[in-house]
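Participant: need coordinates for the below:
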Amino acid sequence: MIRALRRWDRKALLALVLKAMRSPRTLTFLLVDSFLVPVGLRLRGVRVGRGCRFCGFPLITLAPGARITLGDGVVLNSRPDSNPAGLPHPTILAALTPGSAITIGSGTGISGASIVASSSVTVGRRVLIGAGACVWDTDFHPLDPERRRVHATRGATSAAIHIDDEAFVGARSIILKGVTIGAGAVVGGAAVVTKDVVPGTIVAGNPARVVGAVAADSAGARIS
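Facilitator: Modelled structure (predicted):
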């Protein structure tokens with residue numbers, strides 16, 4: 001059995017090498033995704049867990065004193081062809097202020113989403129965040145025009161966002177400041193979430209409202 005596995009490993013490795021040799025593009029992507037991206041993120045100050053996988057370079061903003069942490073096995077898709085839905089832009093992780101933090105839990109997958117923290121964004125384990133979703137804990141600008149005239153961004157309101165384990169955030173949805181998405185909840189595509197989402201519920205629309213629940217049966221998870 002062990003010998004058979006070793007033979008399979010050698011065959012798989014040989015096939016990978018031959019594929020890379022036939023396609024310079026594939027070889028380039030292997031080099032970028034497996035080496036350059038994780039090394040580059042660590043050099044920027046991002047904490048990268050074990051077994052993380054990358055497809056293209058994410059866009060990183062990390063203010064002095066801010067933190068971005070990727071748990072074990074996190075997947076970040078940033079190339080347009082890395083998701084069948086297509087990506088509007090690379091994955092964006094931006095911790096804007098000293099003391100702000102973005103924490104991504106183990107096994108979470110993110111495809112071309114924009115996650116911005118002025119205070120904190122915490123994403124749990126095995127969460128899926130779809131193409132072009134926006135998770136923003138800040139208004140970016142003061143709402144008062146007089147304050148904007150003094151400074152366009154200083155004094156913008158922010159409040160922490162929490163996305164709990166195994167939630168699913170649909171493509172092009174927007175999660176705004178102060179929101180908690182409960183464990184196992186589903187945010188429908190293009191929904192605008194301004195209030196907390198109860199665990200196990202499905203929300204959709206603008207503003208988002210409850211349209212269903214996620215139930216579990218003997219066959220696994222299903223939406224009803």
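Participant: state the helix or strand in which residue 110 lies.
Facilitator: Here residue 110 sits within strand 109-111, counting by DSSP states H and E.
Participant: so what are the sheet partners of that strand and their directions?
Facilitator: strand 75-77 (parallel), strand 128-129 (parallel) (DSSP bridges).
Participant: switch these over to TSV; also include distance to residue 145 and mean pLDDT.
Facilitator: For glycine as for every other residue, the C-beta is placed from the backbone atoms N, C-alpha and C. Formatted as TSV, the strands paired with strand 109-111 follow (distance: least, Cβ to Cβ, whole Å; pLDDT from 0 to 100):
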stretch	distance to residue 145	mean pLDDT
strand 75-77	37	98
strand 128-129	33	98
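Participant: residue 170: which of those strands is closest?
Facilitator: Closest to residue 170 of the strands paired with strand 109-111 is strand 128-129 (Cβ to Cβ; 8.8 Å).
Participant: average model confidence for the top strand by length along the chain?
Facilitator: The longest strand of the chain (DSSP state E) is strand 209-217. Strand 209-217 carries an average pLDDT of 82.
Participant: ok, now stretch 162-170?
Facilitator: For stretch 162-170, the mean pLDDT works out to 98.
Participant: please save the CA atoms from that stretch in PDB.
Facilitator: The C-alpha coordinates for stretch 162-170 follow below in PDB (Å, rounded to 0.1, in the frame of the first residue of the first chain):
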ATOM      1  CA  HIS A 162     -18.300  39.700  13.100                       C
ATOM      2  CA  ILE A 163     -19.000  36.900  10.600                       C
ATOM      3  CA  ASP A 164     -19.400  33.600  12.500                       C
ATOM      4  CA  ASP A 165     -18.400  30.100  11.600                       C
ATOM      5  CA  GLU A 166     -19.700  28.500   8.400                       C
ATOM      6  CA  ALA A 167     -21.700  31.500   7.200                       C
ATOM      7  CA  PHE A 168     -22.000  32.100   3.500                       C
ATOM      8  CA  VAL A 169     -21.800  35.600   2.100                       C
ATOM      9  CA  GLY A 170     -23.100  35.800  -1.500                       C
END
